[in-house]
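Trainee: how would this look folded up:
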Amino acid sequence: MRIHKQLFLTVSFLFFVFFTITDDSFAQSPSKPLIPVPVYRLLDSHGYHFYTADQAEKNNAVSNLGFRYEGILGYVFSDRVMGTIPLYRFNGALGTYDDKFTAQSSVYYLTTDPNDELVTGDGRIHTANDGTTMMQDKLKPEGILGYISSEEIDGTTPIFNLSQHKADDFEYDDQKIHPAVFDQLLTNDEDEKSEAQKIYGYSDEGILGYIWNTPETR
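Mentor: Purely as a prediction, here's the structure:
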């Protein structure tokens, strides 16, 4: 009788453990795999590029802020996954300076280094050929745009990082721009990179990271 009682207790305990573990495993089951989202590239009437992974923000920029949509740069993760690094977005006002600062536009800057010298430095003042004094305010953080790969893997392509520091009039895509103090051009197209350097005077700042070509990562 004692043996039967001990056996019953042992079996009951094992059933308890089994169902407890099973319930916990269901409660902690992984969610659906993360899927990369597109990064939209836009250009304003002053010749400054703008990047966002938010479709509503992109639509508002085109509909209400005078931006022109240029296409999808690539795809990034909204949350961090193994092998990725954050891509930070910063913003600085750009405008005239004549005793006081009058904002006219915005400069957006993406970097994987929150201690980048352009981020930590003070605002810069430039004088155009006509004597107009232009000032770029100190860049301010706007958060993480998304997560990109830290190295080139299957399905990714390099993000070529180019910058333009220029206070003269120039043309970009048949538009007369005055003046372009700072613009960051990100592209995964080597032909566009070469053209930007040779024709529009952009400087090569190296590879920012690696971005997915499509939402399919495998």
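Trainee: residue ranges with poor pLDDT in the protein?
Mentor: For the chain, applying pLDDT under 70 flags the ranges 1-33, 93-105, 118, 120-137, 165-181, 217-218.
Trainee: the helices in it, which residues?
Mentor: Using DSSP state H, the helices of the chain run over 2-27, 55-64, 117-120, 190-200.
Trainee: and the last one, what does it pack against?
Mentor: Helices and strands in packing contact with helix 190-200 are listed as strand 156-164, strand 183-187, strand 203-212; criterion 3 or more CB pairs under 8 Å, 6 or more residues apart in numbering; DSSP states H and E. Any C-beta I mention is one placed from the backbone N, CA and C, and that applies to glycine too.
Trainee: the longest one - contacts with which helices or strands?
Mentor: For strand 203-212, the helices and strands in contact under the criterion 3+ CB pairs under 8 Å, 6+ apart are strand 68-76, strand 84-97, strand 140-149, strand 156-164, helix 190-200.
Trainee: can you give me the buried ones in the first one?
Mentor: For strand 68-76, burial by neighbour count (16 or more other CB atoms under 10 Å) applies to 73-76.
Trainee: any chance of JSON lines for those, columns distance to Asp189?
Mentor: Formatted as JSON lines, those follow (distance: CB to CB, whole Å):
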{"residue": "Leu73", "distance to Asp189": "10"}
{"residue": "Gly74", "distance to Asp189": "11"}
{"residue": "Tyr75", "distance to Asp189": "15"}
{"residue": "Val76", "distance to Asp189": "17"}
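Trainee: out of those, which is nearest to Trp212?
Mentor: Nearest to Trp212 among these, counting by CB to CB, is Tyr75 at 4.0 Å.
Trainee: give me the spatial nearest neighbour of that closest one, chain neighbours excluded.
Mentor: Excluding the flanking residues, the one nearest Tyr75 by CB to CB, 6 or more residues apart in numbering is Pro36, at 3.6 Å.
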